[in-house]
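> Predicted structure and sequence below. I'll ask about it afterward.
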There are 6 protein chains.
Amino acid sequence: MSKPKPIEYADAPAEVKAVFDDIKTSRNLQDVNNFWKYLANDPKTLKRTWESVKEVMAPGALDPVVKEMVYLAVSVTNNCGYCIASHSAAAAKAGMTQEQFGELMAVVGMANETNRLVNGYRVPIDPAFEK
Amino acid sequence: MSKPKPIEYADAPAEVKAVFDDIKTSRNLQDVNNFWKYLANDPKTLKRTWESVKEVMAPGALDPVVKEMVYLAVSVTNNCGYCIASHSAAAAKAGMTQEQFGELMAVVGMANETNRLVNGYRVPIDPAFEK
Amino acid sequence: MSKPKPIEYADAPAEVKAVFDDIKTSRNLQDVNNFWKYLANDPKTLKRTWESVKEVMAPGALDPVVKEMVYLAVSVTNNCGYCIASHSAAAAKAGMTQEQFGELMAVVGMANETNRLVNGYRVPIDPAFEK
Amino acid sequence: MSKPKPIEYADAPAEVKAVFDDIKTSRNLQDVNNFWKYLANDPKTLKRTWESVKEVMAPGALDPVVKEMVYLAVSVTNNCGYCIASHSAAAAKAGMTQEQFGELMAVVGMANETNRLVNGYRVPIDPAFEK
Amino acid sequence: MSKPKPIEYADAPAEVKAVFDDIKTSRNLQDVNNFWKYLANDPKTLKRTWESVKEVMAPGALDPVVKEMVYLAVSVTNNCGYCIASHSAAAAKAGMTQEQFGELMAVVGMANETNRLVNGYRVPIDPAFEK
Amino acid sequence: MSKPKPIEYADAPAEVKAVFDDIKTSRNLQDVNNFWKYLANDPKTLKRTWESVKEVMAPGALDPVVKEMVYLAVSVTNNCGYCIASHSAAAAKAGMTQEQFGELMAVVGMANETNRLVNGYRVPIDPAFEK
């Protein structure tokens, strides 16, 4: 196999087109993002991932903007450049303000710092947290 | 040096006691958590970390419960056991329900999965996300 | 020191040339990859790393293509762009098909997801797994 | 909410019991592992995760033992203790020998090492890997 | 919000200018690096981060060059491209030689490898290390 | 295969005994640590790892205590509990003071924080760092 390439709608098999159509309808888009075009190389993974993302990111006990900010927090922690770009855009579209972005980054930075202080000092869990 | 040990209030120097007092007052606690007792081995880091955490986690453009859930999301991604336990407790105290916890974990899991799909398929950033 | 630069064969000291020759012979290549040209800045690390890689990646109880896919799985988890590109190529050369690549990415994604669900739910190890 | 607790079959709602039954039948088990008992706190995530895992880990272009070894490689890279224990057991059950485990760990270790050498030396991708 | 953009000195509010001035004076620079120009989008985080970095990286029980090498070791482990570039430069400026850089990378690589061997073999802590 | 178990000197094959003897002599120890006893399940990996560690951690352009502190910094970043315990002990034995440990942890924490601020703000590399 060679380097993965995107599958465009016009060249996609029917099962891929069906997923692309559902993404475009659900999200009110003209075209799907590169993520979906690359996943389309494996139609089963495309379908499973889209259905999971659709279910997980739907409004529920958490607001969509909170879910997008959490997605962004994880992507920043993992340093996934594409994911940071796409979920920054998605969070902004869902209502995240610049001030909220600033606070989000501050929390993500602080959590990554204190996670390591805890590791290095080998802090045992307080009994109160085990209940 | 030997394995880090907690510094209890009674044995702490004045500069540590001052920080412990501020933590207990700010958070309405009888005693500080193990994290602070271990950081007290380095009074400068204790003071700097507490002041940073106090500023970053204060109510602002984001609700405190959202901040705690983001902290938890990062800690889960990094697998910091102590941090997961303490910020689960803090998020619950700030109002996170069990249903919200379930959705939070679902988002964190999904983000960690799709971050790697993006890496493996070497997905280039859509021009729309670069604006 | 300035930014690391590649050491080309013509400019390399004898100890580096000897390693480059062994890489080219063992892998039937006209030239070594950038990875080795950069490591050549530290001849001891070049030699130690090549000898370790040669031993570890040799056919054994695991097929070379399986070893390359595992290498790729780790590189995707760590988001090492160079390593993803080079080990995708190496796995393909060793026989990985596009369908196998798709399944590999699906497993890597799923493992990264469930690793975090385990962390967040603080799942204790079943006694059966401790034997 | 308090610390997550396992949901046993006898106490589970019907939708959880249905998933537990399918896991037990598919894998020929008397009882499900702790992972599923904890996920059962969120029946939607339990169902979605089980269906995804069942699809992804099924025999396909890759042998089940290879898939389990890749799962283990990711879990070792992420240091998920529960996942290392459960997927070591699953890989062994699928046929992984002790010699294969040794070679797997050697590859995982080497990949984690060279991933960082690449990062530190800032190695650019060879044009040949971009095709 | 759109993609973060750098704040140049001329366009910065007074509180940002004050931090930029302190960075330039403390480090004897004509202009601040991109890191600070981007953080300037959130003046509170800019100020808090600069004050923390200034305190932490100051000469103390550890030499500044050792601190910069440790910063680089963490950045290489996390694969933060910007951080690797900027702290390589900072370490070189503080006196790191090319030979020291080579040894540093060798240690970082080895630590990342043996960390995973420990995880995979599930090595229990020797009682002697718990004192 | 079952859960990995330690190989004690008395039960070890000759090739393992030879490595154990070299570790004990080189480090002036009565017995080897658990890490080596577990690696002994794969004699080739035991031998290769020991020889690499011996070469990499030897005095050179960097002091042994600096190398141990870097090893600890990586282990803390990766949250490897065993490695944190063993390399804290090794660093202390090599001369690390409690004050140096405190500063080391402060740098590791700060680096992990700013690595993520860089990721989230998508900071481009300054041209000066590319030389």
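Structure received.
> how about the helices in chain A?
Under the criterion DSSP state H, chain A contains helices at A:14-27, A:34-39, A:43-57, A:64-78, A:81-93, A:98-121.
> is any part of the last one close to chain B?
Yes: counting by CB under 8 Å from any CB of the partner chain, contacts between helix A:98-121 and chain B involve A:99-100, A:102-104, A:106-108, A:110-115, A:117-119, A:121. For the C-beta atoms, the positions are set from N, CA and C on the backbone; glycine is no exception.
> got the CA positions of that helix in PDB?
Extracted in PDB, the C-alpha atoms of helix A:98-121 (Å, rounded to 0.1, in the frame of the first residue of the first chain):
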ATOM      1  CA  GLN A  98     -12.000  33.600  22.900                       C
ATOM      2  CA  GLU A  99     -12.100  34.200  26.600                       C
ATOM      3  CA  GLN A 100     -13.400  30.600  27.200                       C
ATOM      4  CA  PHE A 101     -10.700  29.300  24.900                       C
ATOM      5  CA  GLY A 102      -8.100  31.100  27.000                       C
ATOM      6  CA  GLU A 103      -9.400  29.600  30.300                       C
ATOM      7  CA  LEU A 104      -9.700  26.200  28.700                       C
ATOM      8  CA  MET A 105      -6.000  26.300  27.700                       C
ATOM      9  CA  ALA A 106      -5.100  27.500  31.200                       C
ATOM     10  CA  VAL A 107      -6.800  24.500  32.800                       C
ATOM     11  CA  VAL A 108      -5.300  22.100  30.300                       C
ATOM     12  CA  GLY A 109      -1.800  23.400  30.900                       C
ATOM     13  CA  MET A 110      -2.300  23.400  34.700                       C
ATOM     14  CA  ALA A 111      -3.700  19.800  34.700                       C
ATOM     15  CA  ASN A 112      -0.700  18.600  32.700                       C
ATOM     16  CA  GLU A 113       1.600  20.200  35.100                       C
ATOM     17  CA  THR A 114       0.100  19.000  38.300                       C
ATOM     18  CA  ASN A 115      -0.400  15.500  36.900                       C
ATOM     19  CA  ARG A 116       3.500  15.300  36.700                       C
ATOM     20  CA  LEU A 117       4.000  16.800  40.200                       C
ATOM     21  CA  VAL A 118       1.700  14.100  41.600                       C
ATOM     22  CA  ASN A 119       3.700  11.400  39.700                       C
ATOM     23  CA  GLY A 120       7.100  12.700  40.800                       C
ATOM     24  CA  TYR A 121       6.200  13.200  44.500                       C
END
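> Run the contact check for it versus chain C.
No: Helix A:98-121 is not in contact with chain C by CB under 8 Å from any CB; minimum separation 11.7 Å.
> quick check: angle from that helix to helix F:81-93?
Interaxial angle, helix A:98-121 versus helix F:81-93 (axes from the mean of the first three to the mean of the last three CA atoms, to 10 degrees): 70 degrees.
> average pLDDT across helix A:98-121?
Regarding helix A:98-121, the rounded mean pLDDT is 98.
> How far does it sit from its chain's centre?
19 Å (CA atoms, centre = their mean, to the nearest Å).
> what comes up buried for it?
For helix A:98-121, burial by neighbour count (16 or more other CB atoms under 10 Å in any protein chain shown) applies to A:100-121.
> One more: stretch A:24-43?
A:32-43.
> Show the end-to-end separation of that stretch, please.
Chord length of stretch A:24-43, first to last residue, is 17 Å (CA to CA, to the nearest Å).
> residues contacting the residue in chain A that chain E sits nearest to?
Nearest residue of chain A to chain E (CB to the nearest CB) works out as residue A:102 at 3.3 Å. Remark: with contacts taken as CB atoms under 8 Å, 6 or more residues apart in numbering or on different chains, residue A:102 is in contact with B:61, E:41-42, E:44-45.
> Can you give me the distance of it to residue A:69?
Counting by CB to CB, to the nearest Å, the separation of residue A:102 from residue A:69 is 12 Å.
> Please apply the same query to residue A:13.
35 Å.
> Name the residue in the two with the higher neighbour count.
Ranked by neighbour count (other CB atoms under 10 Å in any protein chain shown), residue A:13 and residue A:69 place residue A:69 first, with 31 against 10.
> Would you pull up the residue in chain A closest to chain C?
residue A:42 (3.4 Å).
> Return the backbone torsion pair for that residue.
When read as degrees, to the nearest 10, the backbone of residue A:42 gives phi -130, psi 90.
> Excluding chain neighbours, give the residue nearest to it in space.
Nearest-residue entry for residue A:42: residue C:102, 3.4 Å, with adjacent residues in sequence omitted and distances by CB to CB, 6 or more residues apart in numbering or on different chains.
> Can you give the distance from stretch A:107-126 to the centre of its chain?
Stretch A:107-126 sits 24 Å away from the centroid of its parent chain (CA atoms, centre = their mean).
> no, scratch that, I was asking about stretch A:51-67
With CA atoms, centre = their mean, you get 11 Å for stretch A:51-67.
> who's in contact with the residue most central in space within chain A?
By CA atoms, centre = their mean, chain A has its centre lying nearest to residue A:71, at 4.5 Å. Applying CB under 8 Å, 6+ apart, we find residue A:71 in contact with A:57, A:83, A:87, A:90-91, B:107, B:110-111.
> per-residue confidence at it?
Residue A:71 is given a pLDDT of 98.
> quick one: it and chain D, what's the gap?
Separation of residue A:71 from chain D (CB to the nearest CB, to the nearest Å): 16 Å.
> next one: residue A:123
With CB to the nearest CB as the criterion, residue A:123 and chain D are 17 Å apart.
> how about that residue, phi and psi?
When read as degrees, to the nearest 10, the backbone of residue A:123 gives phi -80, psi 120.
> what about it, distance to residue A:112?
For residue A:123, the distance to residue A:112 equals 16 Å [CB to CB].
> Next up, the contacts around residue A:24.
Contacts of residue A:24 (CB under 8 Å, 6+ apart): A:30-32.
> Show me where chain A dips below the pLDDT cut-off.
Low-confidence segments of chain A (pLDDT under 70): none present.
> what's the domain layout of it?
Domains of chain A are assigned by automatic domain parsing as A:1-58, A:61-122.
> and chain A, which of its residues are near chain D?
A:2-3, A:44, A:48, A:52, A:55-56, A:129-131.
> what's the burial count for the residue nearest to residue A:29 when sequence neighbours are not counted?
Once flanking residues are discounted, residue A:29 sits nearest to residue A:23: 6.9 Å by CB to CB, 6+ apart. Residue A:23 has 19 neighbours, counted by other CB under 10 Å.
> cool, and residue A:3?
Counted by other CB under 10 Å, the residues lying close to residue A:3 total 13.
> follow-up on the earlier one: dump the residue contacts of the residue nearest to residue A:29.
A:29, A:32, A:36, A:50 are the contacts of residue A:23 under CB under 8 Å, 6+ apart.
> cool, residue A:56 as well?
Residue A:56 neighbours (CB under 8 Å, 6+ apart): A:67, B:103, B:106-107, B:110, D:48.
> ditto for residue A:98
Counting by CB under 8 Å, 6+ apart, residue A:98 touches E:1, E:41.
> what's the neighbour count on residue A:62?
Residues near residue A:62, counting by other CB under 10 Å: 24.
> hang on, isn't it packed against residue B:101?
No: the pair residue A:62 / residue B:101 is not scored as a contact, 9.7 Å apart, by CB atoms under 8 Å.
> now, among the residues of chain A next to chain D, which is nearest to residue E:75?
residue A:3 (27.5 Å; CB to CB).
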